[in-house]
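Asker: Have a look at this prediction, sequence included:
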Amino acid sequence: MEKKNIVTEHEEKTPAKTAIIIGAGPAGLTAAYEMLKSTDYKPIILEASAYIGGISRTALHNGNRMDIGGHRFFTKDKRILALWKEIMPDMLTRPRVSRIFYRRKFFDYPLSLKWRTIRNMGVWRTLLVGAGYVTARIFRRKEVSLEAFMINRFGTPLYKMFFKDYTAKVWGRDPSVIDASWGAQRIRGLSLKKLILTALGLNKERETSLIEEFSYPKHGPGEFYEQLADKVRELGGEIRMNSEVAGITRDAVGLTHVTLANGERVEGDYFFSSMPIKDLLAAMNDVPSEAADVAKNLPYRDFMTVGLLADKLKIKEGGKNYPPDCWIYIQEHDVKLGRLQIFNNWSPYMVEDENTVWIGLEYFCDEGDDLWEMPDDAFIDFAVDELEKIDILERGDVKDSVRLRVKKAYPAYFDSYSEFGLVREFLDKMPNLYCIGRNGQHRYNNMDHSMLTALCAVDALKNGTNAEKVWNVNTEGGYHESA
Ligand SMILES: Cc1cc2nc3c(=O)[nH]c(=O)nc-3n(C[C@H](O)[C@H](O)[C@H](O)COP(=O)(O)OP(=O)(O)OC[C@H]3O[C@@H](n4cnc5c(N)ncnc54)[C@H](O)[C@@H]3O)c2cc1C
C-alpha cells in the first residue's frame, strides 16, 4: 500500500507520531486504516471489549451468526462506497424485503397501494386514512414535536396505526415529547404523498427509505470489520483488545494521555474518540461544570436481542419455513417486541442448518429497567410468549436461544441534548481531539456516516484544520433509514 509523506506546517512545529484511537468499531477502524494509508502517524486502537466491530459486530452462537440489529450496507457517499468495495469486493446484494406486522397481518413498508393493503386494513380504515391525510394537509400543525412532524406528512389515523407506538417503543417516549429535529434528520423527504407517487411509479427521486437492495457481507457485518482490522494490523497499526479507557488527561493545550481501567497510561499526540460523549467527559479532568452537566444527562436508548433457532415459523410463506422479510416491524400494541429479524434472509451463510430458521427479536429498553434486569432464561421465556401471543411461532418449535444486551445503542435527541452546544464548545477547545462515529458525536449515524466522520477527521489531521467538517457529517446529507 502506497504511503504519502505529507508534512504540514503543523507537523514541523510539533512532530506528532502516535494517534490514540478509542474504540474498534466502524469509526475507530476506519480512522486507523485511513491514517496508515495516507499519513505517517501510528494508530493505536484501544478497545474496551473483546470484540471487533462495536455495535456492528456479528455474534456467533452455536454455529449461527447474529447481527446485532440488521446492518444494511447502503450509502450515498462515494468515498465510503469505494472503501467498502476495496475491503470486501464480494459482498452479497440483498433485496430489501421488510413489512409491518399489525393486527396479525402483514402490510408493506413503505406502505403500498395494493389491493392486499386495502383488504388487510379494511375499507373503513382505508377511508379514514385518506380523510386524515387530507385534513392534515389542510390544517397543518406547527412542527414542535415529532408527532406534529409525522401527522403533517401522514395524517393522524396512519400515524396512530403505524408510527406512534413503534416510535414510543424505540425511544421510550411518546412522539409528542420528542423534538421534531429527529424526524427532520431521519424521515425528511418521506410522506404519504411520496409513497403514493412511488406506488404509481411517478416519483423520480428515490428516497433512501425506499431503497430496494443493499449490500451485506456473507457472514454478517462483523466479517467486514474483522477484515478491516486485519488490514490495520498488516499495515502496522496496533489494536489492543480488553483495553477500556477510564481516564483522559488534558492540560492547557490539549489531551496528553489516557489511562486504562487497569491503570496503564498510554500517551499520544492525537486522540480520536468513538466512545460515548457522556463517558468521554466523565473520564476527563477539569471539564467546566456546564458542559459536564449536559454530557452527564445525555440520553441513550439501550437494546436487547434474543436469538431463537426454530424448525419453522407460523407466518411461513412461499414454500419456505419462514416469510421472505429481512426484518419485520412489530406494530402490535399488546407486546413489547419492536422488530423481528430473519437472519436466513440477510444471508444464508448466517445459519448453520438451512432447514432451520434463525431469528432475532429486538427489544428497545433502558439499562437497568425491568426488561433489562430480567435473567436470561426468564427474558427468553417472556420473548417466546410474546411471539406465541401474536401467532408468529409455536414454543415447541424452538431449538436454541440466546440473549444479548447492548448498552447505548441509540444516542437520543431529548433532555440535555438541546444544550449539546456547550459540550461542542468545550471539545472544540482541544485541537488534538477528534470526536468520531455515532456515540462519539452523539449523533444517530449509520455505519457510513460513522465511517465518514473518521475519514474527515484524518483529513483534518493531515491538513492541520479544525474539526468543523467532522461535526458537519450527516447534518446536510440524505436520510438513511432508521436503525
Ligand atoms: C439495532 C441497530 C441497527 C442498525 N442498523 C444499521 C444499518 O442497517 N445500517 C447502518 O449503516 N448502520 C446501522 N446501525 C448503526 C451502526 O451500528 C453504527 O453506526 C456503527 O456501529 C457506529 O460505529 P462507531 O464506531 O461509531 O461506534 P460503535 O459501533 O459503538 O463502536 C464503538 C466502540 O468503542 C468501544 N468503546 C466504548 N467505550 C470505550 C472506552 N471507554 N474505551 C475503549 N473502547 C471503548 C466499544 O466497545 C465499541 O467497540 C444500526 C445500529 C443499531 C443499534
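Answerer: That came in fine, so what should we check first? Residues are numbered from 1 along each chain as shown.
Asker: Name the helix or strand for the nearest residue to residue 419 once chain neighbours are set aside, please.
Answerer: Using C-beta to C-beta, 6 or more residues apart in numbering and skipping residues adjacent in sequence, the residue nearest residue 419 is residue 294, 4.7 Å away. For the C-beta atoms, the positions are set from N, CA and C on the backbone; glycine is no exception. Using DSSP states H and E, residue 294 sits within helix 289-296.
Asker: Give me the contact list for that helix.
Answerer: Under the criterion C-beta atoms under 8 Å, 6 or more residues apart in numbering, residues 277-278, 280-282, 287, 416, 419-420, 422-423, 425-426 lie in contact with helix 289-296.
Asker: go with 7 Å
Answerer: The contact list for helix 289-296 (C-beta atoms under 7 Å, 6 or more residues apart in numbering) reads 277, 278, 281, 282, 416, 419, 420, 422, 423, 426.
Asker: Show me which pair in those residues is furthest apart.
Answerer: Using C-beta to C-beta, the contacts of helix 289-296 span at most 16.5 Å, a distance reached by 282 and 419.
Asker: can you pull the contacts of the closest residue to residue 316 other than its chain neighbours?
Answerer: Among residues not flanking residue 316 along the chain, residue 322 sits closest, at 5.5 Å (C-beta to C-beta, 6+ apart). Contact analysis of residue 322 by C-beta under 7 Å, 6+ apart lists 312, 313, 316, 342, 344, 357.
Asker: rewinding a little: just confirm yes or no for the helix holding residue 294 near the ligand.
Answerer: No. Figure legend: helix 289-296 not in contact with the ligand (C-beta under 6 Å from any ligand atom); closest approach 13.8 Å.
Asker: Tell me the buried residues in that helix?
Answerer: 291, 292, 294, 295 (16 or more other C-beta atoms under 10 Å).
Asker: and residue 85, what element?
Answerer: Assigned by DSSP H and E, residue 85 falls in helix 78-87.
Asker: continuing past that helix, what's the next helix or strand?
Answerer: Once helix 78-87 ends, the next helix or strand along the chain (criterion: DSSP H and E) is strand 92-95.
Asker: Which strands and helices lie in contact with the lengthiest strand in the chain?
Answerer: In the chain, taking DSSP state E as the definition, the longest strand is strand 398-411. With contacts defined as 3 or more C-beta pairs under 7 Å, 6 or more residues apart in numbering; DSSP states H and E, the packing partners of strand 398-411 are strand 300-310, helix 376-389.
Asker: tell me the most buried of these?
Answerer: The highest mean neighbour count among those, using mean count of other C-beta atoms under 10 Å, belongs to strand 300-310: a mean of 22.
Asker: which neighbours does it have in its sheet, and in what orientation?
Answerer: Paired strands of strand 300-310, with direction, are strand 357-365 (antiparallel), strand 398-411 (antiparallel) (DSSP bridges).
Asker: Contact partners for the nearest residue to residue 312 once chain neighbours are set aside?
Answerer: In space, and not counting its chain neighbours, residue 312 is closest to residue 321: 3.8 Å by C-beta to C-beta, 6+ apart. Residue 321 is in contact with 311, 312, 313, 357, counting by C-beta under 7 Å, 6+ apart.
Asker: Go ahead and report the secondary structure state at residue 66.
Answerer: strand (DSSP: H, G, I helix; E, B strand; the rest coil).
Asker: just residue 34 next, same as before
Answerer: helix.
Asker: what do you get for residue 141?
Answerer: On the basis of three-state DSSP, residue 141 is classed as coil.
Asker: neighbours around it, how many?
Answerer: Residue 141 is flanked by 15 other residues according to other C-beta atoms under 10 Å.
Asker: oh, and call the first residue 20 from now on, that's how I've got it
Answerer: Yep, numbering from 20; the last one is residue 160 now.
Asker: can I assume it is in contact with residue 169?
Answerer: No. Counting by C-beta atoms under 7 Å, residue 160 does not reach residue 169; the two are 9.9 Å apart.
Asker: Show me the domain layout of the protein.
Answerer: 28-74+96-109+241-317+433-491, 126-228, 319-430 (automatic domain parsing).
Asker: Between those, which one is closest to residue 86.
Answerer: Of those, the one closest to residue 86 (C-beta to C-beta) turns out to be domain 319-430, at 6.4 Å.
Asker: Can you give me the end-to-end span of the closest one?
Answerer: 5 Å (C-alpha to C-alpha, to the nearest Å).
Asker: Who are the contact partners of residue 65?
Answerer: 39, 41, 259, 262, 264, 277, 279, 285 are the contacts of residue 65 under C-beta under 7 Å, 6+ apart.
Asker: Which residue is the nearest non-sequential neighbour of the last one?
Answerer: Among residues not flanking residue 285 along the chain, residue 277 sits closest, at 5.3 Å (C-beta to C-beta, 6+ apart).
Asker: Now that neighbour: which helix or strand?
Answerer: Per DSSP H and E: strand 274-279 holds residue 277.
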